[in-house]
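*Asks:* What would the 3D arrangement of this be:
(one chain, ligands or ions: 1)
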Amino acid sequence: MRNPDGPSPPGGSSTGGRFEFGRNWKAFLSTVDEGRIGEAEASLREMLECADLRGKSFLDAGSGSGLFSLAARRLGARVRSFDIDPESVACTEELRERFFASDSRWSIEKGSVLDRDYLKSLGTFDVVYSWGVLHHTGDMWRALESISIPVAAGGQLFVAIYNDQGALSSLWKRVKAAYCSGRPGKWAVSAAFIPLLALKSLAAGTVRYGNPFGQMKNYRQERGMSLYHDWIDWLGGYPFEAARPDEVRRFCEKAGFELSKMVTTKGWGCNQFVFRRTG
Ligand SMILES: C[S@@+](CC[C@H](N)C(=O)[O-])C[C@H]1O[C@@H](n2cnc3c(N)ncnc32)[C@H](O)[C@@H]1O
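*Replies:* Numbering: from 1, shown residues only. You can find the predicted model right below:
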């Protein structure tokens, strides 16, 4: 991954105080294999409580690498993907080219979850998927309200939003802002935190697998993701907001949804929610 401005830490970069997710996803693409795709498919099947998505329409809002659009397409859905970052759009197109070249049942474009007119123009979908996206828009609650627009009556809304840890989340917000403040900030944050994250992973591997490298080896079980690219996404992912599970639940219930599945964390990761539109 070449940076025209000179060397930068591997993974995502930043412009104008925003993290360039697409750059990080571009680096991740070389790791996408059958194993990761299988894990991504399994995560969709488990959370949406279905064997496949045949006959369903699936909107991937903030598609990133495109892995979950690919997984949904492989499960049989008609897929529409969009992302605000042109490099994320390009990554999603690359995965379509690799696995579903010239496919008429998978369309990809640039778009924003904050653009209500755009969302209205898409029509409605059986499944709207926006994993780890809304908290990076700079206006999370408006994004959550807007992303409900394309959910069909009786359709499912699957969102994942960072867990609000109070003062700790505020601290991480400052770290991410520093990462995105320019080259020195990015280097300083990477130099300070990557060794800490590596130590944390070694400790987690020892506790969970009885092997310091256990977490690194098995990380793909986390929705097919890659530990290193997730570290970069975590350190740089700015804008950053977070919410408590009860806040998200209440917000969506007021908007005419009922909760069908929720997986929460006590840590700094995402709480995951699947709602069904009842109204
Ligand atoms: C952490 S990634 C998640 C990608 C993917 N959903 C996944 O689960 O792997 C967040 C993505 O949201 C995109 N994003 C941020 N703000 C957005 C917006 N306003 N509209 C659409 N996508 C946005 C970023 O460009 C990035 O690709």
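
*Asks:* what are the ranges of the strands in the stretch 51-200 of the chain?
*Replies:* 57-61, 78-83, 106-110, 125-131, 151-162 (DSSP state E, counting those that start in this stretch).

*Asks:* Figure out how far the fourth one is from the centre of its chain.
*Replies:* This points to strand 125-131. Centroid separation between strand 125-131 and its chain, computed with C-alpha atoms, centre = their mean, to the nearest Å, is 12 Å.

*Asks:* Which other helices and strands does that strand contact?
*Replies:* strand 57-61, helix 67-74, strand 151-162 (3 or more C-beta pairs under 8 Å, 6 or more residues apart in numbering; DSSP states H and E). C-beta here means a position set from N, CA and C on the backbone, and glycine is covered the same way.

*Asks:* one more time with 7 Å
*Replies:* The criterion is 3 or more C-beta pairs under 7 Å, 6 or more residues apart in numbering; DSSP states H and E, and the helices and strands that strand 125-131 contacts are strand 57-61, strand 151-162.

*Asks:* quick one on the thing from earlier: would you mind putting the strands of the stretch 51-200 of the chain into TSV with distance to residue 217 and mean neighbour count alongside?
*Replies:* TSV is the format used below for these (distance: least, C-beta to C-beta, whole Å; neighbours: other C-beta atoms under 10 Å):
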stretch	distance to residue 217	mean neighbour count
strand 57-61	28	27
strand 78-83	30	26
strand 106-110	32	17
strand 125-131	23	23
strand 151-162	24	20
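
*Asks:* Spell out which parts of the chain neighbour the ligand.
*Replies:* Residues of the chain lying close to the ligand (C-beta under 6 Å from any ligand atom) are 21, 62-65, 68, 83-85, 88, 112-114, 131-133, 136-137, 233.

*Asks:* what about 8 Å?
*Replies:* Within the chain, the positions adjacent to the ligand are 21-22, 25, 60-65, 67-68, 82-85, 88, 111-115, 129-133, 136-138, 143, 160, 223, 225, 233, 237 by C-beta under 8 Å from any ligand atom.

*Asks:* Select only the buried ones of those residues in ChimeraX?
*Replies:* In ChimeraX, this line selects whichever of the residues of the chain next to the ligand come out buried by 16 or more other C-beta atoms under 10 Å:
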select :21,22,25,60,61,62,63,64,65,67,68,82,83,84,85,88,111,112,113,114,129,130,131,132,133,136,137,143,160,223,225,233,237
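
*Asks:* closest to residue 277 out of the helices and strands packed on strand 125-131?
*Replies:* strand 151-162 (4.9 Å; C-beta to C-beta).

*Asks:* who does the closest one pair up with?
*Replies:* Partners of strand 151-162 in the sheet, by DSSP bridges, are strand 125-131 (parallel), strand 270-277 (antiparallel).

*Asks:* Ok, which of those strands comes nearest residue 261?
*Replies:* Closest approach to residue 261 among the strands paired with strand 151-162 (C-beta to C-beta): strand 270-277, 4.2 Å.

*Asks:* thinking again about what came up before, now tabulate the strands of the stretch 51-200 of the chain in a markdown table and tack on mean pLDDT and distance to residue 273.
*Replies:* Shown next, in a markdown table, are the strands of the stretch 51-200 of the chain (pLDDT from 0 to 100; distance: least, C-beta to C-beta, whole Å):
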| stretch | mean pLDDT | distance to residue 273 |
| --- | --- | --- |
| strand 57-61 | 98 | 14 |
| strand 78-83 | 98 | 20 |
| strand 106-110 | 98 | 25 |
| strand 125-131 | 98 | 10 |
| strand 151-162 | 98 | 5 |
